[in-house]
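K.L.:
give me a model of this one.
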Amino acid sequence: MSTSALYNDQGGAEAAVEAGQESTPTSSGTGAAFGLFSTDFKKNEDLKEMLESNKESLKLEAMKRIVGLIAKGKNSSELFPAVVKNVASKNIELKKLVYVYLVRYAEEQQDLALLSISTFQRALKDPNQFIRASALRVLSSIRVPIIVPIMMLAIKEAAADLSPYVRKTSAHAIQKLYSLDPDQKEQLIEVIEKLLKDKSTLVAGSVVMAFEEVCPDRIDLIHKNYRKLCNLLVDVEEWGQVVIISMLTRYARTQFTSPWTEGATFDENNEKTFYDSDSEEKKEQTEAKPYIMDPDHRLLLRNTKPLLQSRNTAVVMSVAQLYWHLAPKHEVNIVTKSLVRLLRSHREVQFIVLQNIATMSIQRKGMFEPFMKSFYVRSTDATHIKTLKLEILTNLANEANISTILREFQTYVKSQDKAFAAATIQAIGRCATNISEVTDTCLNGLVLLLSNRDETVVAESVVVIKKLLQTQPTQHSEIIKHMAKLFDNITVPMARASILWLMGEYCERVPKIAPDVLRKMAKTFTAEEDIVKLQIVNLAAKLYLTNSKQTKLLTQYILNLGKYDQNYDIRDRTRFIRQLIVPNEKSGALNKYARRILLAPKPAPVLESAFKDRDRFQLGTLSHSINSKATGYQELSDWPAVAPDQSVRNVEVIEPVKEWAPLVGKTKKSKSDDKFYSDDEEEKEEEGSASSGNEDSSSSSEESDSESEEESSEESEKTSTDSGKSSSGSENSSSESESEQKKKKKTKKAPQKKSKPTAADSDSDENGNGPVAQASSSSPESSSGSETDSEDDSDSDSLAAQKKKKSDAKSKPKVEVKSKKEVSLLDLDDFSPAPTNAPKSSFLSSSLLSDLEGLSLSNISSTMQVTTPSFGPVKTYELLHHMTGKGLSAKYHFPRQPCLYEPSMVAVQVILTNSSDHSLEEIHIGERSPAGLNIHCFNTIERLEPEASVTVSMGIDFSDSTQAANFQLCTKENQFSVSIQPAVGELLMPSTMTEQDFTKEQGKLLGMNETSATITMATANTSSQAISKQVLSVANVGVVSSSQNNFHRFAGRTVSSGALVLVSLELKESSSALLTINTEKSVMASMLLRDLKQALTQA
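P.N.:
Model prediction:
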C-alpha cells in the first residue's frame, strides 16, 4: 500500500500521527515525515505477520489488538485480507474475533468478503451456536444483491435452529435482507410468522422488530401470538420490551373499544380486582355496565404495569405511553411517579421525558400537580430543559397555585440566560390570559419590565403586552402612552413593530401621541427593518383615515418612500395602501370600504402552548419529539366503534398442523366402543366434553411451563381438544422424558382393555391426552394447538390413500390381539382407523362453537382443500419374497400422508404376511445402511400366526434423495437384507396456492432452477381430468386451479427440506405440450421430468 494512499485513508492520518509520536524523531523534516509513515506501515506489518504465523496465541493477540483499534475508531480495513484468511480457524475465540472484524468491514470490502462466502456457509452448520450466529451476521452484512438467495436460505435455516440465540440473529438478518431487497417481502413474512410462534424470550423482541420493519400492517400475524407476547413481556430483554410494547399499543388500538367512553364505569378501581381478573370478569357479568373491558385489553395493562419499575428509561417511557393511549383515564395516574423519577436522570433523558409530560399536562393537569416542585428550574439545567419545565409549570397553573408559580417566574425573569428570561415573559403572558384573576397583576409586572436594562426582556415584554391589551383595550390607554415614551429607547425590531401596531390599532384612544410617533418614524423610515417599515405604512394609513388633517402630508411622504424601497413586499404594500385610502377614478369602489378593511375589530390572539398539537403523534416517538412526521412513523388508529371478534386470539396457530389434515370431518366414536382408558378416566372424559371442553387436561396443565425445543413441539402437535383449547395448554408442550413415562403408563393399562382398538385408540396422541379422532372431529382448533417447524412443508394428504390404508388395515384384524403387549401409542395408527360416521352436532359445546366462529375460514380452507390424488389403487412394491424370507413375505407402499413420527420422514406402510406353516416370532428391523439413515422402526411383532398378515407403519428420512434405504428385516431365527427405493414423486407433499402465488414463486425459481421439455401427449391424456390423473399417479402434488384451459399447474414441497416444487404443463397445438419444473433441487427436477414425460406420453 502506498504511503499517500495510507495517509489519505479514513483515520489513517490520525493513526500515522500517533505512530509518529511513538517513533524516534529524526534530525531532518523529511526524515521525520518518512519515519512517521514507515512506522505506521511497520506497525500494521507487525500485525499482519502475527496473523500469518502458525501460533494460535499470536493470532489471538493480533485480533485482540485489531478489535481494540476498531473500538477506538481507528481504520483497520487494510488488514482485511490477512484477517479473512483466519476465518476457517479451529480456535473458537479467534473465530469469534474474526467475525467481529468481518461484520465491521464486510460492507466496505465486499469483493474480498465474497471470496470467503463458502466458509461462512459452512460455519452456518457449526456445532457452536455463537459461530453459527456470527456467520449469519457476517453474511447479512455483505450487502451485495447477488447473494440474496444465499442469505434467504441461511435465514430460513437459522429460523429453525435449535439455539434461540441463532434464531434471534436470523430475526436481525431479516431486516438487513429486507433493506437490501424489498422484493423478498413475502418470503420474509413467512419466516417472521414462524419466528413469532417461538416461545423463547430471547427471540421475541428481535422478531417483533423485524415485524415492525417488514410488515407492520399485518396484524393478523399477531392475533394468535398476542397473549403469549403479553405473558413473555416481563422476561424479554429491555430493548425487546420497548419494541413489543410499541407494537402492542398499535395492535390494541385496532382490536379493543375505547375505555374513555363518557359515563363508563369500571370494576377495576380497587387494587384487588386490578390483579384478580377472574373476580373482575364475574362482577362485569353480574352487573350490566356501559363499558366492559376486554380481558385481553386488561391482560396487556396488567402485564406492563410492573415494567414501570424498570431501570431502563426507554421501557418506563414505553409503558407510560401505552397507559396514556390505552388505559381508562382514572388508571393513567399510576405512570406519574415513574415519569417524575426519570427526571433524576441525565439531561438527554430529561429532555424527552419533559417533552412527553408537557403534552400530557395540557390534557390532564391533575396528573402532575402534586409533583409541581419537581418541575422548578435549577440553575444547573440547560436552556432547553428550563424551557420545557417552564412550559409544564404554565400548563399546571390554576387559581390555587398561580401565586406560587408567579413568584417562581419573577426569579426566572432575572436569569442571566436571556432566552430563558424571554420564555418566562411569554409564560407570564399565557398565565395572564388563562387565569383572568391575575391578568392585571401580570400586566403591571410586565410594564415594570419595560424599564429593564436588557433589550431582549423589554422586547419580549412589549410583544406580550400587545397581545394582552387586545383582550381588554379600553382600560389600558395609559400603558400605550407609557410604551410610546419608551419607543426611542427600544431597538429590537419586533418590539418596535408591536408598539407601532398598538398605536395604529388604538389611535383613536391616543389621538395626540399617535401622529407624533408617525412624524418620528417618517424621519427614520429608510433606516428601519422591513417588519417595522410595514407597520409604519399601516400606522400612516390608519391615521390618514381617522385624522387626515394632521397626517395627510406625512402619509403621502411615507407612501412615496415606500414606493421606491428595495424590498418588494414594502413596495407592494405601499401601492395597495395608496389605492385603498387615496380615492381616484379607478379605485373608487374599494375606497369606501377602506375604514372597514383597515380598522376592523380584530379577535384577541389566543396564547397557546407550543405542545398543543403534538398529541397527534404517539407519545415517546421521534415524530412527537420533533413535532413532524418522521420516516417510518406508524399512525395510531382511532378506537374501533365495535370491537373486532376477540376469538381470533383464542387460537394459537390458525393453519392446521399437517398430521391432522386427513382426519377432518371425522366424528366422535360412541362411548361404548371407547375402552382404551379405565372407567373412571372415561367418566372424566365425558364430563370434560359435556361441560365446555375448555379445561386443560391434567397432563398438559402440569407441564404447561415446559419449554422444550423442537422434539416437544412435534409431540404437542398431537395434543387433544381438551388440552389444545386453552391458551396456556396450547402454548406449552411436555418434554420428551415426561411423554415417554406417560407412554409406559398407558401401555401397561392397554392389555386389560378390550382387545380390538377403536378409532379413539388408533388416533390417540402420544401424550395420552385423549382420543384424537374425537378432537379432530370437533374443530380445527385441536389441530392448531401448538407449534411446529414444518407447517410450510406440506398442507394435507391424499384422502384416497387414506381410504386405501383403512381398507388394508381393516381386513387384517387377527394379529392385533397378539401384539397388544407391546402397543406403543405412536404405533396405534398401524391398526384400523375408524370408519367415518355422520357428524353429531350435540358434541360441539357452546364455547367451542363460539371459538369456531372466530376462526378465519379462508386461512383454514386454503390448507384443507388440497387437491387429492384421484387415481385408483396405490402402487405396491415387493420388499421380501416368501421364498427368500423363508415363509415371511413383505410388501410396501407409500400411503402419501404426513408421517406421524417426524415431519421430514416419508410414511411407508409395510404388509407382513406369514406364508409358512409355523408361527414367526419377534419380527423387527435390524441393522441399516447407510449408517446415518434415519428410520423410525415399527415395534417388534411378538408373534405372527401362519397365514396371518399385519400392516405396520414406518417413517424413513430419504433427505430428498432417491437413494435406497437398506436395512435388515429380522425374525427370531433369521435376518433378511431388504431395501426400499422411493420414486421421486413420493418424496413430495402436496401444497396449495393460488394461481398468482404460483406465478410469483415460479418467477423466483428461474435459470438453473428451471427444467423443461417439449413432449407429445398421448391422445388419451389430453383432457384436464386425464392430465391430473397421470401427474398425480407419478408425484404427490396438489392441483393449482388455473384460469386458462391450456395451462395445468401443480405444486408440492419436498418432505425433508420443504423446498418448493412447481410443475406446469402448457398445451400447444397438435397434442404437443411444454412441461416445466421449477425447484431448487435440480437433480429431483430432471428425474421428475423423466417420470412425468413417460406417464403423459404413453396411452
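K.L.:
show me where the stretch 501-650 of the chain has helices.
P.N.:
513-524, 530-546, 548-563, 568-581, 588-591, 594-598, 622-626 (DSSP state H, counting those that start in this stretch).
K.L.:
and these, which is most packed in?
P.N.:
helix 530-546 (a mean of 22; mean count of other C-beta atoms under 10 Å). Every C-beta, even on glycine, is put in place using the N, C-alpha and C of the backbone.
K.L.:
by contact count, what packs against it?
P.N.:
helix 493-505, helix 513-524, helix 548-563, helix 568-581, helix 594-598 (3 or more C-beta pairs under 8 Å, 6 or more residues apart in numbering; DSSP states H and E).
K.L.:
neighbouring contacts of it?
P.N.:
493-494, 496-497, 500-501, 503-505, 507-508, 514-515, 517-518, 521-522, 525, 528, 550-552, 554-555, 558-559, 562, 565, 567, 569-570, 573-574, 577, 580-581, 594-595, 598-599 (C-beta atoms under 8 Å, 6 or more residues apart in numbering).
K.L.:
next up, the contacts around the closest residue to Cys442 other than its chain neighbours.
P.N.:
In space, and not counting its chain neighbours, Cys442 is closest to Ala432: 3.5 Å by C-beta to C-beta, 6 or more residues apart in numbering. Residues near Ala432 by C-beta under 8 Å, 6+ apart: Val438, Thr439, Thr441, Cys442, Leu443, Leu468.
K.L.:
give me the element Ala432 is part of.
P.N.:
Assigned by DSSP states H and E, Ala432 falls within helix 418-434.
K.L.:
tell me the helix or strand right after that helix.
P.N.:
helix 439-449.
K.L.:
rewinding a little: in TSV, list the contacts of Ala432 along with neighbour count and distance to Glu52.
P.N.:
Formatted as TSV, the contacts of Ala432 follow (neighbours: other C-beta atoms under 10 Å; distance: C-beta to C-beta, whole Å):
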residue	neighbour count	distance to Glu52
Val438	20	80
Thr439	17	82
Thr441	16	82
Cys442	23	78
Leu443	22	82
Leu468	23	79
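K.L.:
for His924, state which of the residues you listed is nearest.
P.N.:
Distance to His924, by C-beta to C-beta, is smallest for Val438 among the contacts of Ala432, at 96.8 Å.
K.L.:
shouldn't the closest one be in contact with Cys431?
P.N.:
Yes - if you go by C-beta atoms under 8 Å, Val438 and Cys431 touch, sitting 6.4 Å apart.
K.L.:
find the residues that touch each one of these two.
P.N.:
Ile402, Leu406.
K.L.:
separation between Asp516 and Pro259?
P.N.:
Distance, Asp516 to Pro259, by C-beta to C-beta, to the nearest Å: 63 Å.
K.L.:
could you pull out the helices for the stretch 101-250 of the chain?
P.N.:
With DSSP H, counting those that start in this stretch, the ranges of helices along the stretch 101-250 of the chain come out as 110-115, 117-123, 129-141, 148-159, 164-180, 185-196, 201-214, 220-223, 226-232, 238-255.
K.L.:
of these, which is nearest Val1031?
P.N.:
Among these, if distance is taken as C-beta to C-beta, the winner is helix 185-196, at 25.9 Å.
K.L.:
show me what that closest one is packed up against.
P.N.:
helix 148-159, helix 164-180, helix 201-214, helix 220-223.
K.L.:
rerun at 10 Å
P.N.:
helix 148-159, helix 164-180, helix 201-214, helix 220-223, helix 995-1004 (3 or more C-beta pairs under 10 Å, 6 or more residues apart in numbering; DSSP states H and E).
K.L.:
in CSV: those helices, plus mean pLDDT, distance to Cys937 and mean neighbour count.
P.N.:
Formatted as CSV, the helices and strands packed on helix 185-196 follow (pLDDT from 0 to 100; distance: least, C-beta to C-beta, whole Å; neighbours: other C-beta atoms under 10 Å):
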stretch, mean pLDDT, distance to Cys937, mean neighbour count
helix 148-159, 91, 28, 20
helix 164-180, 93, 31, 22
helix 201-214, 92, 35, 23
helix 220-223, 89, 39, 17
helix 995-1004, 89, 36, 15
